[in-house]
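S.K.: any chance you could fold what I've pasted below:
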Amino acid sequence: GDTGLVTAFTVDYGPTSSDADEAWRVKIDGVVCSKTARAWVSQWKPAAHQVTYKTRPELPNFVAHPTSLAVDSKRPYLIPIGVAGTGPTTWDLDDQTSPHALAVGTTGSGKSSLLAGLVAGAARLGVEIRIIDGKGDSLSGLKDFPGVTDFEARDHARMIAMLGEVDILRQQRSDSVDDESMRRDDLRHLILVVDEAGQLIRRCETKDDRDEILRRITSLSAAGRSARVHLVLGLHQARADLLGGTEVRGLFAVRVALGRMDRHSRQMLDLHNEVPATPPGRSIVATPDGVEREVQVYWTPSDPRHSLNATDRALMDALTDPAVKQGQSSIMPLPAEMLGNGPVTPLGNAHGNTVGNATGNALPPALPPEQVERIKALRAAGATYRAIADELGISVKAAHKYGSQQLESAARPRLRVVPDDEG
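M.R.: All right, here's what the predicted structure looks like:
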């Protein structure tokens, strides 16, 4: 080029079967970038045993969250993350290899903006969202987003209770899928965002509370995918108690590291590339295919609307406008108890239909008290909803309605549902 620097080069190599593995190719690319101290885009040609490297265009230092999204009928639940040298990077909620997402970054790294972007993208797809803001003030602007049915930033006991409520709902959904009273594909995606999970743990006054948080997070991460319940963990730094096991860490196949990070933290996140320290929002994103990409995370405001400048206020208005066409959804109307405890804001999908607690949800008729008690007894004894329905001659939906009430009543006493007027 005009600067005298090499802008492209080609390498011929001997026959190997490894070049069919994208993760292997990415490792080679990482070595090339590290040894040359340059950023390159590779084009592999395994059949010719050849790879060409070209200078990678500089990533922008700032990219606002897109206010309109292309609908992919084959992948209707793509949530935007940011822009890489090869194009947009997304999280596919329907990909069962990546049920959960992890974001690690210190103050000023852009983590809050990333989490806000995931919430905005999910809300526009008709996903239900519940948010635990462990820091207390980093995500306060998101509580009025469409699709956000529960938000807590102050009450520590309530935060722990929310974890339990979502885990109980996850168990209810799993039971219904197992006994075939519901299909997994009919369940509405639900995302629980837990920001500053480490802070949440540090605020525990008793070992029981700490153990409860870890137990619920482990349960949700290990078993959430079968119930379409997804966990988004935001951490100030990588923590061994949350991510120490490779089995749990592997369930967070989408991992985003922002800001300066030491080697130990990268190893805990199973990342091989250095994380850029600047600008805010610059990150390394690992995806389920084993590839690590340098990504500029989309900017999304997370502060209350009244504190935003005019540009950010206009962006938030566009992201929360219910009139904007939403991504395609394949969600069927569900009984209210399958959708969760909080109020649900209906969102239109690409077909103009509503999702959530739609008025067309027909609930089972009331049953005689003695039959309800029998359902509860059978459920407590471990009977499936289908077996209960067959014995009593009722619908599976009715069995589930009253049987799930039995499950709720067996929950820990501190779990409660917040009425609408409590916010």
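S.K.: got a list of contacts for stretch 81-95?
M.R.: Residues from elsewhere that reach stretch 81-95 (C-beta atoms under 8 Å, 6 or more residues apart in numbering): 39, 41, 56-57, 59-60, 63, 75-80, 98, 101, 114, 117-118, 122, 125, 127, 189, 191, 228, 230, 254, 256, 281, 283, 285, 287-288, 293-298. Just so you know, the C-beta spots here come from the backbone N, C-alpha and C atoms, and that holds for glycine as well.
S.K.: in helices, which of those residues appear?
M.R.: Mapping those onto helices (DSSP state H) picks out 114, 117-118, 122.
S.K.: how about the helices in the chain?
M.R.: Going by DSSP H, the chain shows helices at 22-36, 111-123, 156-178, 197-202, 207-223, 240-243, 246-251, 263-268, 310-319, 336-339, 369-380, 385-392, 396-409.
S.K.: include distance to Thr89 and mean pLDDT when you put the ones you listed into CSV, please.
M.R.: Converted to CSV, those look like this (distance: least, C-beta to C-beta, whole Å; pLDDT from 0 to 100):
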stretch, distance to Thr89, mean pLDDT
helix 22-36, 14, 82
helix 111-123, 11, 95
helix 156-178, 27, 94
helix 197-202, 23, 91
helix 207-223, 22, 93
helix 240-243, 21, 70
helix 246-251, 19, 69
helix 263-268, 19, 84
helix 310-319, 18, 92
helix 336-339, 30, 35
helix 369-380, 44, 81
helix 385-392, 40, 76
helix 396-409, 38, 60
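S.K.: return the most buried member of those helices.
M.R.: helix 111-123 (a mean of 26; mean count of other C-beta atoms under 10 Å).
S.K.: tilt between that one and helix 310-319?
M.R.: 30 degrees (axes from the mean of the first three to the mean of the last three C-alpha atoms, to 10 degrees).
S.K.: who are the packing partners of helix 111-123?
M.R.: strand 78-84, strand 101-105, strand 128-133, strand 190-195, strand 229-235, strand 254-258, strand 292-297 (3 or more C-beta pairs under 8 Å, 6 or more residues apart in numbering; DSSP states H and E).
S.K.: within its sheet, name the partner strands of the third one and how each one runs.
M.R.: So that's strand 128-133. Using DSSP bridges, the strands paired with strand 128-133 are strand 148-152 (parallel), strand 190-195 (parallel).
S.K.: rebuild the helices and strands packed on helix 111-123 as a markdown table, extending it with distance to Leu308.
M.R.: Compiled in a markdown table, these are given as follows (distance: least, C-beta to C-beta, whole Å):
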| stretch | distance to Leu308 |
| --- | --- |
| strand 78-84 | 20 |
| strand 101-105 | 21 |
| strand 128-133 | 17 |
| strand 190-195 | 19 |
| strand 229-235 | 21 |
| strand 254-258 | 21 |
| strand 292-297 | 18 |
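S.K.: hmm, back to that, nearest to Asp167, of the strands paired with strand 128-133?
M.R.: Among those, the nearest to Asp167 by C-beta to C-beta is strand 190-195 (9.1 Å).
S.K.: would you put the C-alpha positions of that closest one in CSV?
M.R.: Only the C-alpha atoms of strand 190-195 are listed here, as CSV (Å, rounded to 0.1, in the frame of the first residue of the first chain):
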residue,chain,number,x,y,z
LEU,A,190,-38.0,-15.9,28.8
ILE,A,191,-34.8,-14.1,29.7
LEU,A,192,-33.6,-13.4,33.2
VAL,A,193,-30.9,-10.7,33.3
VAL,A,194,-28.8,-10.7,36.5
ASP,A,195,-26.4,-7.8,36.4
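S.K.: could you give the angle of that strand to strand 78-84?
M.R.: 40 degrees.
S.K.: can you offset everything so residue one is 51?
M.R.: In the new numbering, first residue 51, that becomes strand 240-245.
S.K.: roughly how far is strand 240-245 from the heart of the chain?
M.R.: 6 Å (C-alpha atoms, centre = their mean, to the nearest Å).
S.K.: give me the mean pLDDT for it.
M.R.: Across strand 240-245, the average pLDDT comes to 97.
S.K.: cool, stretch 96-116 as well?
M.R.: Averaged across stretch 96-116, pLDDT comes to 90.
S.K.: and that stretch, how far apart are its ends?
M.R.: 35 Å (C-alpha to C-alpha, to the nearest Å).
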